[in-house]
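> Take a look and give me a structure for this.
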Amino acid sequence: MPLSFDALRRRPDLEGPDLVAVDAADRLILDESADARHGLDRGELVVIGDAYGALTLGSADAGARGIRVHQDELLGERALAANASEAGLDGTFASHALDAELLRGARVVLLRLPRSLRALDDIAGLIALHAHPDVVVFAGGRLKHMSVSMNEVLRRRFDRLDVSLARQKSRVLVARGPHDGADPQPDEAEVDGLRVRAFGGAFAGASIDIGTRLLLAHLPAPRGAEAIDLACGTGVVAATLAMRHPELRVTASDQSAVAVASARATAAANGVADRVRVVRDDVLSSFPDAAATFIALNPPFHTGAAVTDHLAPRMFADVARALAPGGELWTVWNSALQYRPALERLVGPTRQVARDRKFTVTVSTRR
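Numbering: from 1, shown residues only. Purely as a prediction, here's the structure:
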């Protein structure tokens, strides 16, 4: 039975049950690439940025095998695996890091355009360096998230760029003739005595966002020997804690692959890589119950292109599971989001530590 896109699910659907796992851009990329994908040998198709598996499973349903896939978000990988299992398409693909092995010898690449131009350049550089010289890239997205600058980025790495007709507010850029390929290198800047490194697409880039600045200004010395930087981004909080407290060991956790790579680079740049362990995890799912004593968190408020206030409470609940009684969660949040009732309910007694015109810092103690 052919794959039904209506059966694909967002897992978890954090923004709302009425949102879908496949959109018009996914369908257009598959339609525009159909002829190029026909007759490919095993392993010659690569998919990058597939949110919940539509591109990968649509290609597998058409006969592709050995598909190499990169998704920045760990939740995306898990959604793809679950959707594949339900569709009977297990074993048709393998997840990879964003590196040479992902692209080596690829003849067709399907790409959901990232919103960050820097991330797009990192991806385009990898394709141009490691894919087959005859590679064809089908890069698509929703018109509201696309810009002419994306064309310019691709033209720096490819000889030819064609643009599809728009359909249902979506469009596909088709790139051929790779040249001037390069492996991604992080941007680096020194901010307040900290060297911040960031690969393309990492939140705030090689800088320190104003919410994190406020949190850092008020973080105390952790009482225990270990601390956790949850939703670590580029690892600014983890590296700062390790530099301030030479005996402290810090675990930095994020579900984004580019965040994990950036955090590792930031720790190395500041000479604390031996005391900062960086993990890719769904919140704190790999951590034992009631073991943590100090967690710092600047929670995200978007998943993909969707802005949502449902991410933070999900994090608060898992923090409560992981914290030992008396353990502390230090959180910075946009004051308009009014997270304090959720923190009180899910974690424990919460007091305000600092507040400026936009952000609030609180500490919650596990009951």
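
> Direction included, what does the longest strand along the chain pair up with?
The residue-count maximum for a strand in the chain (DSSP state E) belongs to strand 323-334. Strand 323-334 sits in its sheet next to strand 292-297 (parallel), strand 359-365 (antiparallel), going by DSSP bridges.

> ranking these by burial, who's on top?
Counting by mean count of other CB atoms under 10 Å, strand 292-297 has the highest mean neighbour count of these, with a mean of 24. Using the backbone N, CA and C atoms, a C-beta is placed for each residue, glycine as well.

> least trustworthy helix or strand in this protein by mean pLDDT?
Per-element confidence for the chain was summarised using mean pLDDT, DSSP states H and E. The lowest value among helices and strands belongs to strand 306-307, with a mean of 46.

> quick revisit: in TSV, list the strands paired with strand 323-334 along with distance to E247.
Conversion of those to TSV gives the following (distance: least, CB to CB, whole Å):
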stretch	distance to E247
strand 292-297	13
strand 359-365	22
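
> In TSV: those strands, plus mean pLDDT and distance to D134.
Compiled in TSV, these are given as follows (pLDDT from 0 to 100; distance: least, CB to CB, whole Å):
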stretch	mean pLDDT	distance to D134
strand 292-297	98	47
strand 359-365	98	50
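
> Can you say which of these is nearest to A54?
strand 292-297 (31.4 Å; CB to CB).

> Leaving out chain neighbours, which residue sits closest to R244?
For R244, ignoring the flanking residues on the chain, the nearest one in space by CB to CB, 6 or more residues apart in numbering is A221 at 7.3 Å.

> Go through the strand or helix carrying A342 and flag the buried ones.
With elements taken from DSSP states H and E, the one containing A342 is helix 340-346. In terms of neighbour count (16 or more other CB atoms under 10 Å), helix 340-346 has its buried residues at R340, A342, L343, L346.

> What's opposite the residue nearest the centre of the chain in the beta bridge?
Ranked by distance to the mean C-alpha position of the chain (CA atoms, centre = their mean), the top residue is S256 at 3.1 Å. Taking DSSP bridges as the rule, S256 bridges to E73.

> From I123, how far out is it?
Applying CB to CB, to the nearest Å, one obtains 15 Å for the distance of S256 from I123.

> still on that earlier bit, averaged pLDDT, the helix holding A342. What do you get?
Within the predicted structure, the mean pLDDT of helix 340-346 is 98.

> Now it - C-alpha only, CSV.
Taking only C-alpha atoms (Å, rounded to 0.1, in the frame of the first residue of the first chain), the coordinates of helix 340-346 have been written out as CSV:
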residue,chain,number,x,y,z
ARG,A,340,6.4,31.1,37.6
PRO,A,341,3.1,29.2,38.2
ALA,A,342,4.4,26.3,36.1
LEU,A,343,7.7,26.2,38.0
GLU,A,344,5.9,26.3,41.3
ARG,A,345,3.6,23.4,40.2
LEU,A,346,6.1,21.2,38.5
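
> Report the next helix or strand after that helix in sequence order.
Secondary structure here is assigned by DSSP H and E; on that basis, the next helix or strand after helix 340-346 toward the C-terminus is strand 350-355.

> Enumerate the positions of stretch 199-213 that are buried.
Using 16+ other CB under 10 Å, the residues of stretch 199-213 that count as buried are 199-209, 211-213.

> For A342, list the residues it contacts.
Neighbour list for A342: A312, P313, F316 [criterion: CB atoms under 8 Å, 6 or more residues apart in numbering].

> Distance-wise, check the second one relative to G53.
Yep, that's P313 we're talking about. Counting by CB to CB, the gap from P313 to G53 is 26 Å.

> Same drill for the two, tell me which one is more crowded.
For P313 versus G53, neighbours defined as other CB atoms under 10 Å are more numerous around G53 (31 against 16).

> number of nearby residues for the nearest residue to the more buried one once chain neighbours are set aside?
Distance criterion CB to CB, 6+ apart; nearest residue to G53, sequence neighbours excluded, is L80 at 3.7 Å. Taking other CB under 10 Å as the criterion, the count of residues near L80 is 27.

> of the buried residues of helix 340-346, closest to S286?
Relative to S286, the closest of those is L346; by CB to CB it sits at 19.8 Å.

> what separates that closest one from L311, distance-wise?
The gap separating L346 from L311 is 13 Å, by CB to CB.

> Return the subset of the buried residues of stretch 199-213 lying in strands.
When those are checked against strands (DSSP E), there are no matches.

> now, the most widely separated pair of the residues you listed?
Comparing all pairs in the buried residues of stretch 199-213 by CB to CB, the longest separation belongs to G200 and R213, at 22.5 Å.

> residue ranges of the helices in the stretch 101-250 of the chain, please?
Secondary structure of the stretch 101-250 of the chain (DSSP state H, counting those that start in this stretch): helices located at 117-130, 148-155, 210-218, 236-244.

> how much does the longest one deviate in direction from helix 148-155?
Taking axes from the mean of the first three to the mean of the last three CA atoms, to 10 degrees, helix 117-130 and helix 148-155 form an angle of 20 degrees between their directions.
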